[in-house]
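In: Build the 3D model from these lines:
(one chain, ligands or ions: 1)
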Amino acid sequence: MAAQIGLIGLGTMGAMLALNIAEKGFQIAVWNRTTAVTHQFKAEAGALAGQIVATETLAEFVAAITPPRSIILMVPAGPVVDDQIAALKGHLGPDDLIIDAGNANFHDTNRRSAAASGYRFLGMGVSGGEEGARHGPSIMGGGAREDWDRVAPVLEAISAKYEGTPCATWMGPGGAGHFVKAVHNGIEYADMQMIAEIYGVMRDGLGMEAAAIGDVLDGWNKGPLQSYLIEISAAVSKAVDGGKPMLDVILDKAGQKGTGRWTVIEAQQLSAPIPVIEAAVMARNVSARLEERQAGEAVFGAAPVALPAGAVTVAQLEQAMIAGKILCYAQGFALIVAASAEFGWDLPLPDIARVWREGCIIRSSMLNDMATALEQGPGRGLMLAPFFADHLKAATPGLRAVVSAGAAHGLPLPALSAGLAWFDMMRTGRSTANMIQAQRDFFGAHGFERLDQAGKGLHGPWGGHMV
Ligand SMILES: NC(=O)c1ccc[n+]([C@@H]2O[C@H](COP(=O)([O-])OP(=O)(O)OC[C@H]3O[C@@H](n4cnc5c(N)ncnc54)[C@H](OP(=O)(O)O)[C@@H]3O)[C@@H](O)[C@H]2O)c1
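Out: Numbering: from 1, shown residues only. Here you go, the predicted structure:
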């Protein structure tokens, strides 16, 4: 049997992706470093086993695929990908295509794309976790358009569908797909953090039980906040273990694999502000410092404290979440615009919003409206799109009330506060950076522009104090 595609790496994601591909009617050859895993995978594939060619050596694997070959790598990001490419490339011809589907840093994908010689290379971000990989992930591709087009029928078939439209899109050359996936993950961190902050206000500020919080989130999932993350947050809030709410016995130290950090680092490199995502990454780092937090509590007393009756309503919390979410996405898309300009990618903003509508962790009903807004006003920030500007006008008073109450009573709301501060900065025509410019000129003679006079590099009347 000749396979139409190959896959290397039958771990959590690779195994599910391979079953998904087989289920869509494609013959797939598989190879795994540990051969026993390959055989076990086929043995457990049930009715799909007939679609799967299990191979023991790379030579056997490559020979099992019809040329020109397309080979998906689903191994840990980093040096393993380079090692696997090095082991594979001697077996390939110039039209054979390697597709790195792991969570690569897009700089690595740029490098691997440029270095591809004697074979072709695509970098592909895959979101949706194990479940998505099995039944329909969101797929963000990067590399040569013709290579994407060649493999698109398989990728579109296995991807999630939004009202019939595949959530599998070519984003641009080189590392464009992995960059968009990194921003997706940054937004994922921020969405999760804002939900956690709102949960904290309900748990600590309003004294609500986990199940009651789950009911509130379930209600929100029927409105503008409808999304996978709200849905699963409701589910985990309602879950019980040994008679206790599951959430109440889970240690409050959040893990991470670093993709949120990459997004923040890149945003800093590009001078593209994404404070909500930055706050979310910071909050995970702070959460990990459990002993330090406990020492802080011993010195300063326990915070947070309960809010006075009526300080914040559940309706205001919903508004805060809506506003925070719009502001977070506005920042994320602005980062994508900055990267697109810097790397010459011409990233398709509405298509990015569309590819996130299904299959991925940040899927939500709001993304469809975002796609429309980005289509109608290319070059205009999401915050200024009339649909979202109206939402923000309605929702920011709630965000302000929640952030104020948090600040007044010791409930930490880093991501929501960062969103509100950014919103207020972005609607302030006359900022306070005149003070910064004066300071810079005072100590470093950096010069400034004046409102009442033309010219650059002007100086203040503090000559004698300059160093
Ligand atoms: N898990 C998720 O939800 C998720 C979501 C999106 C993207 N991703 C990305 O998908 C990629 C795979 O993740 P995963 O969760 O499927 O990982 P995993 O379950 O740990 O599986 C890793 C796979 O890579 C193979 N492998 C490990 N080291 C290797 C090496 N040195 N040489 C050759 N093969 C090697 C393993 O083979 P053996 O059986 O021999 O150990 C296994 O098949 C990662 O880049 C990850 O970041 C994961």
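In: How many residues are close by the residue in the chain that the ligand sits nearest to?
Out: In the chain, the residue that lies nearest the ligand is G11 (1.7 Å; CB to the nearest ligand atom). Using the backbone N, CA and C atoms, a C-beta is placed for each residue, glycine as well. Counted with other CB atoms under 10 Å, residues neighbouring G11 total 16.
In: ok, the spatially closest residue to it that is not a sequence neighbour - contacts?
Out: Nearest residue to G11, sequence neighbours excluded (CB to CB, 6 or more residues apart in numbering): M74, at 6.7 Å. Residues in contact with M74 (CB atoms under 8 Å, 6 or more residues apart in numbering) are 7-11, 13-14, 17, 101-102.
In: ok so, going back, in this model A101 seems to touch the residue of the chain closest to the ligand, though I could be wrong.
Out: No. Using CB atoms under 8 Å, G11 is not in contact with A101; the gap is 11.5 Å.
In: near the ligand, anything from the longest strand belonging to the chain?
Out: The single longest strand within the chain, with elements called by DSSP state E, is strand 120-127. Yes. Strand 120-127 lies within reach of the ligand by CB under 6 Å from any ligand atom, at V126.
In: Quick one: name whatever helix or strand follows that strand.
Out: helix 129-135 (DSSP states H and E).
In: got the buried residues for that next one?
Out: For helix 129-135, the neighbour count (16 or more other CB atoms under 10 Å) marks 132-134 as buried.
In: what do you get for stretch 419-429?
Out: 419-420, 422-423, 426.
In: Just give me the longest helix of this structure.
Out: When the chain is parsed with DSSP state H, its longest helix is helix 314-343.
In: list the helices and strands that helix packs on?
Out: If contacts are counted by 3 or more CB pairs under 8 Å, 6 or more residues apart in numbering; DSSP states H and E, helix 314-343 sits against helix 176-200, helix 210-220, helix 259-269, helix 275-288, helix 349-355, helix 366-376, helix 386-409, helix 414-426.
In: and this protein, which residues reach the ligand?
Out: Within the chain, the positions adjacent to the ligand are 9-14, 32-34, 37, 74-77, 80, 83-84, 102-103, 126, 129-130 by CB under 6 Å from any ligand atom.
In: go again using 8 Å as the cut-off
Out: Residues of the chain found near the ligand (CB under 8 Å from any ligand atom) are 8-15, 32-34, 37, 74-77, 80-81, 83-84, 101-104, 125-130, 132-133, 137, 257, 259.
In: among the residues you listed, which are in strands?
Out: Among the residues of the chain next to the ligand, DSSP E puts 8, 125-127 in strands.
In: mind putting those in TSV, pLDDT and neighbour count included?
Out: Output for those, formatted as TSV (pLDDT from 0 to 100; neighbours: other CB atoms under 10 Å):
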residue	pLDDT	neighbour count
I8	98	24
G125	97	32
V126	97	28
S127	95	25
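In: Can you pull the domain assignment for the chain?
Out: Domain assignment for the chain by automatic domain parsing gives 5-174, 187-426, 433-465.
In: So for stretch 423-436, mean pLDDT?
Out: Mean per-residue pLDDT for stretch 423-436: 97.
In: and what of stretch 339-346?
Out: The average pLDDT within stretch 339-346 is 95.
In: Which parts of it count as buried, going by neighbours?
Out: Per 16+ other CB under 10 Å, stretch 339-346 contains these buried residues: 339-340, 343, 345.
In: Just give me the neighbour total for G50.
Out: G50 has 12 neighbours, counted by other CB under 10 Å.
In: That one in helix, strand or coil?
Out: Classification of G50 by DSSP: H, G, I helix; E, B strand; the rest coil places it in helix.
In: That one and L10, how far apart?
Out: Applying CB to CB, to the nearest Å, the value for G50 to L10 is 17 Å.
In: Now do the buried residues in stretch 40-51.
Out: For stretch 40-51, the neighbour count (16+ other CB under 10 Å) marks 41-42, 45, 48, 51 as buried.
In: correction: stretch 72-87
Out: Those would be 72-75, 77, 81, 84-85, for stretch 72-87 by 16+ other CB under 10 Å.
In: Over to stretch 303-314?
Out: Buried residues in stretch 303-314, counting neighbours by 16+ other CB under 10 Å, are found at 304, 307, 311-312, 314.
In: Filter the contacts of M74 down to the ones in helices?
Out: Short answer: the contacts of M74 in helices (DSSP H) are 13-14, 17.
In: Out of the residues you listed, grab the one that's most surrounded.
Out: Highest neighbour count within the ones in helices among the contacts of M74: L17, with 25 neighbours (other CB under 10 Å).
In: which residues does it contact?
Out: Going by CB under 8 Å, 6+ apart, L17 touches 7, 72, 74, 101, 126, 133-134, 137, 158.
In: what would the residues you listed look like in JSON lines with distance to A295?
Out: Below are the contacts of L17 laid out as JSON lines (distance: CB to CB, whole Å):
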{"residue": "L7", "distance to A295": "48"}
{"residue": "I72", "distance to A295": "47"}
{"residue": "M74", "distance to A295": "42"}
{"residue": "A101", "distance to A295": "43"}
{"residue": "V126", "distance to A295": "41"}
{"residue": "A133", "distance to A295": "41"}
{"residue": "R134", "distance to A295": "44"}
{"residue": "P137", "distance to A295": "42"}
{"residue": "I158", "distance to A295": "49"}
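In: Out of the residues you listed, which comes closest to L251?
Out: Closest to L251 out of the contacts of L17 is A133 (27.5 Å), distances taken as CB to CB.
In: Now that closest one: closest residue in space that isn't a chain neighbour?
Out: M16 (3.7 Å).
In: do the same with N434
Out: Among residues not flanking N434 along the chain, F448 sits closest, at 7.8 Å (CB to CB, 6+ apart).
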